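# What follows is a predicted protein model with its sequence.
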Amino acid sequence: AQSVTQPDIHITVSEGASLELRCNYSYGATPYLFWYVQSPGQGLQLLLKYFSGDTLVQGIKGFEAEFKRSQSSFNLRKPSVHWSDAAEYFCAVDTGKLIFGQGTTLQVKP
Amino acid sequence: KAGVTQTPRYLIKTRGQQVTLSCSPISGHRSVSWYQQTPGQGLQFLFEYFSETQRNKGNFPGRFSGRQFSNSRSEMNVSTLELGDSALYLCASSLGGTSGGARDTQYFGPGTRLTVL
């Protein structure tokens, strides 16, 4: 079955620390992968996407993600977190429709 | 370029009523998808419209329906509302393409928060 798993429901990091949010997918064909961010009461904002080519993709706000086919993963990273990064992050795979993970809530400590 | 707009932003209804939500896509986008977001079920795909035709459908009851107009604007209707329909309804638009749910990027609106009492 097609699915996306985000193992971490909630993550807390200190401001300035590095961040990695995990995402694993299950999809038989070539995956088209996305990371979105959602601030409270808002819609989803696209951070980055992977369609093909270079497995390390750069996104907005200093985020990057690495596609690893052998591990069926598409983890999101940021070298230094800012307080404004506190939000909920969703990984998704496009199967003709977007299938989302359950989301990871990021809390940033001052 | 203006983003995806959704109206209304907030809505309160009572059980048994029906509701219509509206979505205006980004100019030039021909595909509109709808998603339901709840704390328990997360983000779930409802349906997608492309060129006024439903191209893809999720696993929701027939009370949930939609349509798309010639200008690509889309409406979603929920009839006979139930308490469990309380959710954030998100609309997303994309360029679309010849294949169903083409691998293009979906851009989301701010959502309509529906509360059913």
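Nice, thanks for sending it over.

# Do you know the pLDDT at B:L46?
Listed pLDDT for B:L46 reads 97.

# ok, now which ones touch the residue nearest to it when sequence neighbours are not counted?
Leaving aside its sequence neighbours, B:L46 sits nearest to B:W34 (C-beta to C-beta, 6 or more residues apart in numbering or on different chains; 4.1 Å). Every C-beta, even on glycine, is put in place using the N, C-alpha and C of the backbone. Going by C-beta atoms under 8 Å, 6 or more residues apart in numbering or on different chains, B:W34 touches B:23, B:45-48, B:66, B:74, B:76, B:89-92.

# which one of those residues is nearest B:I12?
B:Y89 (13.7 Å; C-beta to C-beta).

# Please determine how far that closest one is located from chain A.
10 Å (C-beta to the nearest C-beta, to the nearest Å).

# Now do the contacts for the spatially closest residue to B:T5 that is not a sequence neighbour.
Nearest residue to B:T5, sequence neighbours excluded (C-beta to C-beta, 6+ apart): B:S24, at 4.6 Å. B:S24 makes contact with B:4-6, B:73, according to C-beta under 8 Å, 6+ apart.

# Kindly report the residues of chain A close to chain B.
Contact residues (C-beta under 8 Å from any C-beta of the partner chain) of chain A with chain B: A:32, A:34, A:36, A:41-46, A:49, A:51, A:90, A:92, A:94-103.

# need the strands for the chain, in chain order.
Here I'm looking at chain A. A:3-5, A:10-14, A:19-21, A:24-26, A:33-38, A:44-50, A:56-58, A:64-68, A:73-78, A:87-94, A:98-100, A:104-109 (DSSP state E).

# you looked at the wrong chain, it should be chain B
Using DSSP E, strands in chain B cover B:5-7, B:10-13, B:19-24, B:31-38, B:42-50, B:53-57, B:64-68, B:74-78, B:87-94, B:107-108, B:112-116.

# now the contacts of B:W34: which count as buried?
B:23, B:45-48, B:66, B:74, B:76, B:89-92 (16 or more other C-beta atoms under 10 Å in any protein chain shown).

# Thank you, goodbye.
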